[in-house]
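[1] no sequence on this one, just coordinates:
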């Protein structure tokens, strides 16, 4: 598998994550709640802001479910961003060094040497 194929696979993974991210988040929260129930861990609200006069405690902050949802959405978004960044980097590497992979089609050693020199010259221009 070459750099180009890996880059395409990472783009496909990002695309499938974009299509299924709501389902992934819902399943993760459901499994977390299930594990907490099985292990006897109480789910409690962790972040509270100050209550203003006239506000009830319920209005003071996100529920535990909302907080878990926020955290998991942040994680999935970060994962997608990292995958996209690495895919772009791999595509750049593939574009720069593709000439090294195409040397099998060259017939003679002189032509192969010339192709390597030309590719290295183009690479130096890019840098």
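    Done, it's in. Remember, predicted model here, so these are calculated numbers, not experimental data.

[2] What's the local residue count around residue 10?
    Residue neighbour count, defined by other CB atoms under 10 Å, stands at 20 for residue 10. Where you see a C-beta, it was placed from the backbone N, CA and C, and this is true even at glycine.

[3] element containing it?
    helix 3-39 (DSSP states H and E).

[4] got it, and residue 65?
    Using DSSP H and E, residue 65 falls within helix 64-101.

[5] buried residues in that helix?
    64, 68-69, 72, 76, 80, 87, 90-91, 94 (16 or more other CB atoms under 10 Å).

[6] ditto for stretch 34-43
    Under 16+ other CB under 10 Å, stretch 34-43 has no buried positions.

[7] Mind checking the pLDDT average for it?
    In this model, stretch 34-43 has an average pLDDT of 86.

[8] Number the residues from 505 up from this point.
    In the new numbering, first residue 505, that becomes stretch 538-547.

[9] How far off centre is that stretch?
    29 Å (CA atoms, centre = their mean, to the nearest Å).

[10] doesn't residue 595 make contact with residue 602?
    No - under the criterion of CB atoms under 8 Å, residue 602 is not in contact with residue 595, lying 10.5 Å apart.

[11] overlap in contacts of those two?
    residue 508 (CB atoms under 8 Å, 6 or more residues apart in numbering).
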